[in-house]
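> Sequence and predicted model, in that order:
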Amino acid sequence: QKEVEQNSGPLSVPEGAIASLNCTYSDRGSQSFFWYRQYSGKSPELIMFIYSNGDKEDGRFTAQLNKASQYVSLLIRDSQPSDSATYLCAVGPKAAGNKLTFGGGTRVLVKP
Amino acid sequence: KAGVTQTPRYLIKTRGQQVTLSCSPISGHRSVSWYQQTPGQGLQFLFEYFSETQRNKGNFPGRFSGRQFSNSRSEMNVSTLELGDSALYLCASSLRGMSTDTQYFGPGTRLTVL
């Protein structure tokens, strides 16, 4: 079992719709959860982070965390063609340090 | 503030050679982490440096090594290159090196081993 799992996609959504991405993790002691977006040929850029159970909203993005079920999700509202990218879920450890464990990424295609 | 910079951006080497990659973190950031990204394995953690000390290490062979200087700049070295080392090598920096810190990625160094 992989430590962080994501559906590889592609997730195809029409422009203006909601894209829903899921991520599950195996280390129950994980403390921090990040969503990065990566365009083809580029490096990952941070979209959101979440540390506590519940929802966190930032513009068109909402992250949801459920530690009991060990999953974290990302909703993209009013999806735009510019949102077409690979979305990476990353999990930070309980221990000190910056070792992030990444999922394989979900490719999102927003069709006009 | 300037972002994370990495040099060189592209590199072509042959099997058996060694290579050194450089990373300059965001000003004030003390933690530097290195990751390898390949189509097959995705993004994998190599190691993290904080205050010139390696604090965490991923599951990579000893051919992969790194160091951090007093100004927080970091280098990673790969010796005796293998074809499978072809990858995008990403450096990320964070302010305090805590697990809740956001890591900001540089543009990466694309290494091709022939």
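Perfect, thanks for sending it. These numbers were taken from a predicted model, which means no experiment stands behind them.
> Run a quick neighbour tally on the nearest residue to residue A:45 once chain neighbours are set aside.
Excluding the flanking residues, the one nearest residue A:45 by C-beta to C-beta, 6 or more residues apart in numbering or on different chains is residue A:37, at 5.6 Å. C-beta here means a position set from N, CA and C on the backbone, and glycine is covered the same way. Counted with other C-beta atoms under 10 Å in any protein chain shown, residues neighbouring residue A:37 total 21.
> Residue A:37 - that's part of a strand, no?
Yes. Under DSSP: H, G, I helix; E, B strand; the rest coil, residue A:37 falls within a strand.
> ok, it - contacts?
The neighbourhood of residue A:37, defined by C-beta atoms under 8 Å, 6 or more residues apart in numbering or on different chains, consists of A:44, A:45, A:47, A:85, A:86, A:87, A:88.
> so the second one sits right up against residue A:36, yeah?
Yes. Counting by C-beta atoms under 8 Å, residue A:36 is a contact partner of residue A:45 at 6.3 Å.
> out of these two, which sits in the busier spot?
More crowded of residue A:45 and residue A:36, by other C-beta under 10 Å: residue A:36, with 24 against 13.
> For that one, name its beta-bridge partners.
residue A:46, residue A:88 (DSSP bridges).
> Also residue B:37?
Residues in beta-bridge contact with residue B:37 (DSSP bridges): residue B:43, residue B:88.
> where exactly do the strands run in chain A?
A:4-6, A:11-14, A:19-25, A:32-38, A:45-50, A:54-58, A:61-66, A:71-76, A:85-92, A:101-102, A:106-111 (DSSP state E).
> How confident was the prediction at residue 96?
Using chain A here. Here the pLDDT value assigned to residue A:96 is 67.
> not what I meant, chain B
pLDDT for residue B:96: 85.
> From residue A:20, how far off is residue A:7?
10 Å (C-beta to C-beta, to the nearest Å).
> same question, residue B:108
29 Å.
> Between these two, which has more neighbouring residues?
Between residue B:108 and residue A:20, counting by other C-beta under 10 Å, residue B:108 is the more crowded of the two (23 against 14).
> these two touch, right, that one and residue B:4?
No. Under the criterion of C-beta under 8 Å, residue B:108 makes no contact with residue B:4, lying 9.7 Å away.
> residues shared between the contacts of the two?
By C-beta under 8 Å, 6+ apart, the residues touching both residue B:108 and residue B:4 are residue B:91.
> Deepest in the core, which of the strands of chain A is it.
strand A:85-92 (a mean of 24; mean count of other C-beta atoms under 10 Å in any protein chain shown).
> What angle do strand A:61-66 and it make with each other?
If you take axes from the mean of the first three to the mean of the last three C-alpha atoms, to 10 degrees, strand A:85-92 sits at 40 degrees to strand A:61-66.
> Strand A:85-92 packs against which elements?
strand A:4-6, strand A:19-25, strand A:32-38, strand A:71-76, strand A:101-102, strand A:106-111 (3 or more C-beta pairs under 8 Å, 6 or more residues apart in numbering or on different chains; DSSP states H and E).
> how about a cut-off of 10 Å?
strand A:4-6, strand A:19-25, strand A:32-38, strand A:45-50, strand A:71-76, strand A:101-102, strand A:106-111, strand B:42-50 (3 or more C-beta pairs under 10 Å, 6 or more residues apart in numbering or on different chains; DSSP states H and E).
> May I see the buried residues of the helix or strand of chain B with the lowest mean pLDDT?
Sorted by mean pLDDT, DSSP states H and E, the helices and strands of chain B end with strand B:53-57, the least confident at a mean of 91. Judged by neighbour count using 16 or more other C-beta atoms under 10 Å in any protein chain shown, the buried positions of strand B:53-57 are B:55, B:56.
> Nice, that's everything, thank you.
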